[in-house]
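Asker: Turn this into a model:
(one chain, ligands or ions: 1)
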Amino acid sequence: MAGKREDAWKLGAGWNDTFLWYAKAIIELKTRDVTDRTSWRYLAAMHQFDRDMWIGLGIIDKNAALPPASDTLIAWNQCQHSSYYFLPWHRGYLARFEDIIAATIVALGGPVGWKLPYWNYLDATNPNARKIPEAFLLKYLPDGVTRNPLEDLPRYGQTVIGPEPGFGIPDIDLSAMKETDFTGTVSFGGSKTLFSNPEAGVRGQLENAPHGSVHVLVGGALPVNPGDGFLSAFETAGLDPLFWLHHCNIDRLWAAWMTAPGVKMESGKQWLDGPSDRAFAVPTVDGSGLENYAARDTLAGGKFYPEYDDLHLGTGVPAPSAGGAIRVAQGPTSMAEPIVIGANGQKVSIGDAPVETAVTIASKEGSAVIVAMGPNAPERPAPARLFLKLENIRGASIAGGIQAYINPPAGAGADLPQDRVAGSAALFGLASASKVDGQHGGNGITLIFDISDLARRLIEQKDFDPKHLRVKIVSVHSGGDANPVTIDRVSVLRD
Ligand SMILES: [Cu+2]
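Answerer: Model (predicted):
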């Protein structure tokens with residue numbers, strides 16, 4: 001077993017040692033009571049727990065005793081989404097999960113030093129990259145009789161992830177890796193919201209895609225029935241063994257991003273020591289207690305800093321030239337925060353049919369955008385950027401998909417032109433994020449799409465009237481007219 005985390009597809013086909021021991025350890029963890037801090041279910045509940053949902057899915061018995069509140073209030077329902085703690089929280093969570101699996105393997109008589117593999121789905125050099133690794137699709141362990149815990153759970157059913165028009169997801173890519181600031185309104189790692197800040201946070205670009213997309217591509221997006229796939233809901237995601245390999249790759253993308261030239265990592269004390277209102281917690285490896293960590297513990301030198309065998313394949317970050325030292329910029333973020341220059345008038349509600357809403361940009365700002373983004377735009381230090389923001393997307397479906405278009409041809413039906421797409425997103429955790437009494441404050445999901453290229457095209461085609469930008473929104477698996485997806489505000493921002 002290697003000392004570093006490796007690519008799942010490079011470990012050997014089918015039942016390689018890493019996956020076989022992972023499966024055996026999961027079988028052992030599943031025998032442990034939910035009150036045991038090292039049990040499969042306790043570890044998943046740390047992400048998010050919903051008693052009724054778990055009873056309904058047969059994960060716990062309705063008479064099951066749960067851990068005491070002194071435990072659950074600290075360790076359960078911690079998952080960080082739409083927050084600039086998304087990456088560090090999950091990094092500590094993965095690291096301790098890995099420690100517990102590794103210790104279990106040793107206790108079962110297996111090798112020392114098991115490391116969590118990553119699912120490198122965007123590695124263009126590997127023709128299998130987008131396939132779910134084989135061991136997660138086999139019904140039995142090599143003995144031919146023991147049910148395989150890597151496979152024995154609900155998933156949507158597709159085994160290769162890619163464009164899924166049924167979910168409104170065109171494809172996964174690495175565009176998030178181009179964001180240069182960790183924190184901010186348009187950010188790589190998440191917007192500056194605190195753990196329980198009542199103000200809605202914006203999903204960071206990496207959290208949106210590929211992170212959220214892969215959750216929904218594997219878990220499915222069907223409304224109402226949470227059993228359709230564990231990966232689509234906060235409350236069940238950690239029960240899918242593939243969750244950990246997916247998040248390991250997201251974590252690796254963060255590690256790779258840190259080595260890219262010119263990126264600005266968050267270095268404020270509030271972030272490094274945070275969150276201040278509820279410290280992150282993981283069980284000790286033996287389960288005897290709980291242990292706190294802060295964001296700084298997940299950075300270089302910290303106890304949860306991971307090691308990967310490679311940070312280049314499938315990350316979009318080129319290897320540094322030979323001998324070149326890697327430099328990470330530290331300091332206040334430099335990118336000017338984008339400002340809202342126009343918005344629509346009212347809340348939008350989308351059921352089965354697409355809905356169109358009009359965004360009005362004030363005339364002075366509108367003319368400035370046309371100059372800044374038109375064919376004769378002066379090259380400032382960087383080209384001007386324009387964004388479309390969908391604020392507080394809420395809905396009752398477990399997950400969903402959303403697509404926004406700008407100025408599609410009038411009367412266009414289901415076949416909306418792809419060259420007018422402003423952005424698409426898989427709405428991972430939609431219902432959880434919409435629950436008023438939930439951990440995420442009921443603010444739903446806020447997304448920001450970069451529409452700079454689209455705006456330039458529209459300006460060039462003389463189809464950009466700032467006083468009247470038509471934004472058409474399609475919601476996939478919204479729950480229909482009975483359970484529409486709502487959006488509080490649609491606005492346009494410029495940097
Ligand atoms: Cu996730």
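Asker: all contacts plus neighbour counts: C-alpha atoms, from now on.
Answerer: Noted.
Asker: you'd agree R394 is up against G444?
Answerer: Yes - assessed by Cα atoms under 8 Å, R394 is found in contact with G444 at 4.7 Å.
Asker: So those two - more neighbours on which side?
Answerer: Taking neighbours as other Cα atoms under 10 Å, R394 and G444 compare with G444 leading, 28 against 25.
Asker: got a list of what that one touches?
Answerer: Counting by Cα atoms under 8 Å, 6 or more residues apart in numbering, G444 touches 200, 392-395, 430-431, 433-435.
Asker: Just say helix, strand or coil for the closest residue to W114 other than its chain neighbours.
Answerer: The shortest distance from W114 to any non-neighbouring residue, by Cα to Cα, 6 or more residues apart in numbering, is to A102 (5.0 Å). What DSSP: H, G, I helix; E, B strand; the rest coil gives for A102 is helix.
Asker: check contacts around A102.
Answerer: 112-115.
Asker: For L313, which non-adjacent residue is spatially closest?
Answerer: L313 sits nearest to D123 (Cα to Cα, 6+ apart), 5.5 Å away.
Asker: Tell me, how many residues neighbour the residue lying closest to P210 once chain neighbours are set aside?
Answerer: Spatial nearest neighbour of P210, chain neighbours left out: I172 (5.4 Å); criterion: Cα to Cα, 6+ apart. Per other Cα under 10 Å, the neighbour tally for I172 reads 21.
Asker: Next, work out how far apart the residue nearest to W114 and Y293 are.
Answerer: 20 Å (Cα to Cα, to the nearest Å).
Asker: cool, and Y308?
Answerer: 21 Å.
Asker: do P381 as well
Answerer: Distance from P381 to Y293, by Cα to Cα: 39 Å.
Asker: Neighbour count for these two, which is higher?
Answerer: Neighbours per residue (other Cα under 10 Å) separate P381 from Y293, with Y293 holding more: 21 against 6.
Asker: so what's the backbone phi/psi at I74?
Answerer: Per-residue torsions, I74: phi -90, psi -40 (degrees, to the nearest 10).
Asker: What is the burial count for the nearest residue to it once chain neighbours are set aside?
Answerer: The shortest distance from I74 to any non-neighbouring residue, by Cα to Cα, 6+ apart, is to A281 (6.6 Å). As a burial measure, A281 scores 20 neighbours (other Cα under 10 Å).
Asker: which is the next helix or strand following the worst-scoring helix or strand of the chain on mean pLDDT?
Answerer: Lowest by mean pLDDT, DSSP states H and E among the helices and strands of the chain is strand 329-330, with a mean of 46. Of the helices and strands lying after strand 329-330 in sequence (DSSP states H and E), the nearest is strand 339-343.
Asker: how close does R420 get to G366?
Answerer: 19 Å.
Asker: follow-up on the earlier one: for the residue nearest to I74, pull up the helix or strand it's in.
Answerer: Using DSSP H and E, A281 falls in strand 280-283.
Asker: on contacts alone, who are the packing partners of the helix or strand that that strand is followed by?
Answerer: Reading on from strand 280-283 to the C-terminus, the next helix or strand found by DSSP H and E is strand 290-293. Packing partners of strand 290-293 (3 or more Cα pairs under 8 Å, 6 or more residues apart in numbering; DSSP states H and E): strand 280-283.
Asker: Summarise which helices and strands the strand it packs on is packed against.
Answerer: By 3+ Cα pairs under 8 Å, 6+ apart, strand 280-283 packs against helix 69-75, helix 86-107, strand 290-293.
Asker: CA atoms only for the last one - export them in PDB, please.
Answerer: Once non-C-alpha atoms are left out, strand 290-293 reads as follows in PDB (Å, rounded to 0.1, in the frame of the first residue of the first chain):
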ATOM      1  CA  LEU A 290     -14.200  13.800  19.500                       C
ATOM      2  CA  GLU A 291     -11.400  16.000  18.200                       C
ATOM      3  CA  ASN A 292     -11.700  19.600  16.900                       C
ATOM      4  CA  TYR A 293     -10.000  21.100  13.900                       C
END
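Asker: In terms of pLDDT, where does K62 sit?
Answerer: Looking at K62, its pLDDT reads 96.
Asker: tell me the contacts of it?
Answerer: So K62 contacts I55 (Cα under 8 Å, 6+ apart).
Asker: Can you tell me how far it is from D52?
Answerer: Relative to D52, and taking Cα to Cα, K62 is found at 8 Å.
Asker: Then Y156?
Answerer: Using Cα to Cα, one obtains 22 Å as the distance from Y156 to D52.
Asker: how far does stretch 427-444 stretch from start to finish?
Answerer: End-to-end distance (Cα to Cα), stretch 427-444: 10 Å.
Asker: same question, stretch 70-87
Answerer: Criterion Cα to Cα; first-to-last residue distance in stretch 70-87 is 26 Å.
Asker: Pretty sure S349 sits against I487.
Answerer: Yes - S349 lies in contact with I487 (Cα under 8 Å); the separation is 6.5 Å.
Asker: coming back round to it: strand partners of the strand holding A281, parallel vs antiparallel please.
Answerer: Note on strand 280-283: by DSSP bridges, its sheet partners are strand 290-293 (antiparallel).
Asker: in the strand it pairs with, what's buried?
Answerer: 290, 293 (16 or more other Cα atoms under 10 Å).
Asker: Kindly report the same for stretch 459-478.
Answerer: Quick answer for stretch 459-478 (16+ other Cα under 10 Å): 459, 464-466, 468-478.
Asker: ok, these vs I341, which is closest?
Answerer: For the buried residues of stretch 459-478, the minimum distance to I341 (Cα to Cα) is 9.9 Å, reached by P466.
Asker: what bits of the stretch 351-495 of the chain have low per-residue confidence?
Answerer: Within the stretch 351-495 of the chain, the set of residues satisfying pLDDT under 70 comprises 380, 411-414, 437-441, 477-478.
Asker: can we see that at 80?
Answerer: For the stretch 351-495 of the chain, applying pLDDT under 80 flags the ranges 378-382, 398-399, 410-416, 436-442, 476-480.
Asker: Report the secondary structure state of A433.
Answerer: Under three-state DSSP, A433 comes out as helix.
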